[in-house]
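[1] Here is my input, please return the structure:
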Amino acid sequence: MKSSNRAWLLLALWGGIAFCLGAALVVGLFVLRSGLPLGDRSAGGDPASSPPVIPLETSTSGPTAPALIDESESLPADVRAQMDEIESQVIALRGLRATGSVIRDLLTPEELVQHVLEDFLADYSEQEARDDALVLALFGLVSESFDLWGLYLDLYSEQIAGFYDDDERAMYIVRGSSFGGPERLTYAHEYVHALQDLAFDFDDGLDYTEEGCEADSERCAGIQALIEGDATLLEEQWLRTYASQDDIRQILDFYESYESPVFDSAPPFLQQDFLFAYTEGLNFVQHLFRQGGWAAVDAAYADPPRSTEQILHPERYPEDAPVQLELPDLLPALGPGWRELDRDVLGELFSRLMLEVHLPTEQAHEAAAGWGGDAYAAYYHDDLAPGALVLVSAWDTIRDAQDFMLAMRDYGDARFGEHSATDFSYTWSDRSVYVLVERQSDQTLWILAPNRETGEALRAAVTFPAPSP
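    Numbering: from 1, shown residues only. Predicted structure coming up:
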């Protein structure tokens, strides 16, 4: 497995592809029920004041006409005309110029599945997915045998309504029976991604690449939320300003018949993670928009958010940057037969999602809210289930570290049984697992191992409090 791959967190990042989920189209229902009369074709109030909903460089010379290349001869003339119109409308709303060429095309659902197999999952093997499931199991989020690869394949095939591929600079919309309201709304969302890439350059400007995301997944999660929150807010504005009566009717019909059995059956943490860039990303971009309109959103691309913490708490952006922590190579301490599954940053989002499995939502959110930075390493041995995990976390204050310790005590009791305690640590130990949670000043340490001997060997090998690189 690639170091810091963490596909289970970032999902759609690899290759810098930006998506519009099928569930994203539900934005129509929320917008239409938030006070906008169906016949109102005006801008209709401050878009940033709208409630958070699931969505689907400012030019100094002003917007220009779209600059697109059609490579597909299958696009009907009326669809091309509608795309041209939507592009002009999006440019007028968003204020970004079309400074280059972008391909556009329609896909059938069957062609989408082929894209999922050949492009999205081409560099992600079933073995890597099994390893990622083992990491998730160490965090208590799934079982060790969970079929993560199969879930991704089914979920992408079900959920993607359109996508922008920055490798090809191409927009694809999943074709319905016609190019109606849902497809038009999706196209508005995807065209924002094209404008973002042309203006800010996902690869070279933002380092929103596979390599960049492997190096710092929290930073890429923040960028993904900025990109999708931007497109979602604009999508909402387009719906309020330009959607026709037929668009509205068709979007409402889509919502009434919309089903997502794969998404609905996915683990709750994965559902929240999958929608994070849309829901919390929208909140983050709305916060910027209230401060300075689209110019403030544009400015964020020059200094993108660096963590899920900054997305969850927009008021902490950009000053509250995450603390960098370092863990040593622990394989020598573990001995023969062990292999490293992953090492990365967990982040505030997954800290709270992990806690939510066994704790009330409010307690989990409060305990994770003081997150300041972390580092984890996960290991596996074929004969020593469940493997081993070391997580060291820095907190904003000593009180925040104490709050997380108390939450981990309750989490550990719920997951592992009754604990033993000292002034600064809790332990759980039986024949199948050894767990230690320890605090020193504003840092906490969590070690999970298959037995006490392995756990104590890890504790001896870890420098705690952990140093910064």
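[2] Helix, strand, or coil at residue 117?
    helix (DSSP: H, G, I helix; E, B strand; the rest coil).
[3] Quick check: it touching residue 153?
    Yes - in terms of CB atoms under 8 Å, residue 117 counts as a neighbour of residue 153; the distance is 7.3 Å. For glycine as for every other residue, the C-beta is placed from the backbone atoms N, C-alpha and C.
[4] Comparing these two, which residue is more hemmed in?
    residue 153 (20 against 13; other CB atoms under 10 Å).
[5] Return the backbone torsion pair for the nearest residue to residue 399 once chain neighbours are set aside.
    Once flanking residues are discounted, residue 399 sits nearest to residue 370: 7.6 Å by CB to CB, 6 or more residues apart in numbering. For residue 370, the backbone dihedrals (degrees, to the nearest 10) come out as phi -90, psi 10.
[6] and residue 370, what does it touch?
    Taking CB atoms under 8 Å, 6 or more residues apart in numbering, we find residue 370 in contact with 395-397, 399-401, 403-404.
[7] separation between residue 425 and residue 331?
    24 Å (CB to CB, to the nearest Å).
[8] In this structure residue 401 contacts residue 442, no?
    Yes - under the criterion of CB under 8 Å, residue 401 makes contact with residue 442 at 4.8 Å.
[9] Overlap of the contact sets of those two?
    With CB under 8 Å, 6+ apart, residue 401 and residue 442 have common neighbours residue 395.
[10] which intervals of the protein have sub-threshold pLDDT?
    Within the chain, the ranges that satisfy pLDDT under 70 run 1-73, 120.
[11] Regarding it, what is its longest helix?
    Counting residues, the longest helix found in the chain (DSSP state H) is helix 268-300.
[12] What helices and strands are in contact with that one?
    strand 18-21, helix 148-159, helix 217-242, helix 308-312, helix 347-356 (3 or more CB pairs under 8 Å, 6 or more residues apart in numbering; DSSP states H and E).
[13] Out of those, which is closest to residue 326?
    Nearest of these to residue 326, taken as CB to CB: helix 217-242 at 15.0 Å.
[14] so that closest one versus helix 347-356, what angle?
    Orientation check (axes from the mean of the first three to the mean of the last three CA atoms, to 10 degrees): helix 217-242 against helix 347-356 gives 90 degrees.
[15] export stretch 198-210 as PDB, just CAs?
    Written as PDB, here are the backbone C-alpha positions of stretch 198-210 (Å, rounded to 0.1, in the frame of the first residue of the first chain):
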ATOM      1  CA  LEU A 198      -8.400  27.100 -15.600                       C
ATOM      2  CA  ALA A 199      -8.100  30.000 -13.000                       C
ATOM      3  CA  PHE A 200      -6.200  28.300 -10.200                       C
ATOM      4  CA  ASP A 201      -4.700  25.100 -11.700                       C
ATOM      5  CA  PHE A 202      -5.500  22.100  -9.600                       C
ATOM      6  CA  ASP A 203      -2.200  20.300 -10.400                       C
ATOM      7  CA  ASP A 204       0.500  23.000 -10.500                       C
ATOM      8  CA  GLY A 205      -1.300  25.700  -8.600                       C
ATOM      9  CA  LEU A 206      -2.900  23.800  -5.700                       C
ATOM     10  CA  ASP A 207      -0.800  20.500  -5.900                       C
ATOM     11  CA  TYR A 208      -4.200  18.800  -5.800                       C
ATOM     12  CA  THR A 209      -2.600  15.600  -7.200                       C
ATOM     13  CA  GLU A 210      -2.200  12.000  -6.100                       C
END
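[16] buried set for it?
    198-200, 202, 206-210 (16 or more other CB atoms under 10 Å).
[17] Surely residue 321 is in a helix?
    No - counting by three-state DSSP, residue 321 is not found in a helix; it is coil.
[18] Count the residues that sit near it.
    15.
[19] Would you convert the buried residues of stretch 198-210 into CSV that also reports secondary structure and distance to residue 345?
    Conversion of the buried residues of stretch 198-210 to CSV gives the following (DSSP: H, G, I helix; E, B strand; the rest coil; distance: CB to CB, whole Å):
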residue, secondary structure, distance to residue 345
198, helix, 30
199, helix, 28
200, helix, 24
202, coil, 21
206, coil, 18
207, coil, 16
208, coil, 17
209, coil, 17
210, helix, 17
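[20] from these, which two are the most distant?
    Farthest pair in those, by CB to CB: 199 and 210, 21.8 Å.
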